[in-house]
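Enquirer: Kindly generate the corresponding structure for this input.
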Amino acid sequence: MTRKVERSIDVDVPVTTAYNQWTQFEEFPRFMGGVREVRQLDDRRTHWVAEIAGVQREWDATIVEQVPDRTVAWAATDGTTNAGTVRFAPLDTGRTQVHLLLEYEPEGLVEQAGEKLHLVDRQAESDLARFKEYIEGRQVESGGWRGTIAPGGIPDPSEEADLPDPAARHRADTDEEPPPETGPEDVTALIPTPRDADGPR
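Expert: Residues are numbered from 1 along each chain as shown. You can find the predicted model right below:
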């Protein structure tokens, strides 16, 4: 049976800073308990390695919707139900509410036993608290992707001209110089995207 967990937290950074940081999926292990690795496969796909209730799982996930400063939603592409949505709402110029919704289906006796102890609920609260500590401690995002993906994982054509190169999504604390700009005739629309196995984008 599919379970849902919803949790919210207020963070003391502007909405753009909170949103941009969340798009840096490969940094999720820094604040998500149980997440061992998230590998960005391309603009919309990620490969996750996580430990859930003591069981290691791996899965691929796809970003199904992404709107700058508002929403990031993903879903596993195979296996049991594993999906989520994070919504960002500015409270004022320097504070943001981050709302997390998770949907998943417990597998096996271990995970079903963990359900009775509300382990996923507590993990969601802990992950949001760690995200708050992480981004407030930095006060600046380590990177960000500002492209739009329409519901269903389809890139929004109106955003294509503004999309960055694929590496832009993965840049964090480096001094790497951006690639030289190309002429309009060379521009290709590229769109940067998490799911359950043994999870960031």
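
Enquirer: ranges for the strands of the chain?
Expert: 3-11, 35-40, 45-52, 55-67, 71-76, 82-92, 95-104, 149-150, 154-155 (DSSP state E).

Enquirer: Counting neighbours, show which residues of the fourth one come out buried.
Expert: Yep, that's strand 55-67 we're talking about. 57-67 (16 or more other CB atoms under 10 Å). Quick note: C-beta positions are derived from backbone N, CA and C, even for glycine.

Enquirer: Mind putting the strands of the chain into JSON lines with mean pLDDT?
Expert: Output for the strands of the chain, formatted as JSON lines (pLDDT from 0 to 100):
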{"stretch": "strand 3-11", "mean pLDDT": "92"}
{"stretch": "strand 35-40", "mean pLDDT": "92"}
{"stretch": "strand 45-52", "mean pLDDT": "86"}
{"stretch": "strand 55-67", "mean pLDDT": "90"}
{"stretch": "strand 71-76", "mean pLDDT": "94"}
{"stretch": "strand 82-92", "mean pLDDT": "94"}
{"stretch": "strand 95-104", "mean pLDDT": "93"}
{"stretch": "strand 149-150", "mean pLDDT": "89"}
{"stretch": "strand 154-155", "mean pLDDT": "61"}
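
Enquirer: So which of those strands is nearest residue 140?
Expert: strand 3-11 (13.0 Å; CB to CB).

Enquirer: What pairs with that closest one, parallel or antiparallel?
Expert: strand 95-104 (antiparallel) (DSSP bridges).

Enquirer: Now do the partner strand: everything it contacts.
Expert: Here strand 95-104 makes contact (CB atoms under 8 Å, 6 or more residues apart in numbering) with 2-15, 17-19, 22, 80-91, 120, 124, 127-128, 131-132, 196.

Enquirer: Just give the nearest non-adjacent residue to residue 37, would you?
Expert: residue 49 (4.3 Å; CB to CB, 6 or more residues apart in numbering).

Enquirer: With residue 131 instead?
Expert: Closest to residue 131 by CB to CB, 6+ apart is residue 31, at 4.8 Å.

Enquirer: Confirm for me that the one you found is in contact with residue 138.
Expert: No: using CB atoms under 8 Å as the test, residue 31 is too far from residue 138 to be in contact (11.1 Å).

Enquirer: Just want to know which of those two has more residues nearby.
Expert: residue 31 (18 against 13; other CB atoms under 10 Å).
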